[in-house]
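> need a structure here:
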Amino acid sequence: EGRKRLSMTGVTSVDGFSENYLKLTVGSDRVTVNGQGIKITSYNKSNGNLTADGDFAEIKYGVKKQPVMKRLFK
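Numbering: from 1, shown residues only. Prediction:
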């Protein structure tokens, strides 16, 4: 919402956060949100809704990696 507010659904977990980034798991994908002055205003783990305020600059999507042992021994 105008690079000032972030609203997401389907958030499985918040893996890390600071004033400059959010690391989230959405389903089986990893999402990293970068910016400045980021603050989580609400997060409901039961329904997966997350809202954050700040100056957002970048959103990166990636697939969550499997543990090393699972990758080695398929």
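> okay, now residue 48: neighbour count?
Applying other CB atoms under 10 Å, we find 16 residues neighbouring residue 48. C-beta coordinates here come from the backbone N, C-alpha and C atoms, glycine included.
> three-state assignment of residue 19?
Three-state call for residue 19 (DSSP: H, G, I helix; E, B strand; the rest coil): coil.
> per-residue confidence for it?
With respect to pLDDT, residue 19 has a value of 94.
> buried set for the helix or strand encompassing residue 25?
Applying DSSP states H and E as the criterion places residue 25 in strand 21-26. For strand 21-26, a neighbour-count test (16 or more other CB atoms under 10 Å) marks 21-22, 24, 26 as buried.
> could you dump these to CSV with distance to residue 8?
Listed next are the buried residues of strand 21-26 as CSV, based on distance: CB to CB, whole Å:
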residue, distance to residue 8
21, 14
22, 9
24, 7
26, 7
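> least confident pick among those residues?
residue 26 (88).
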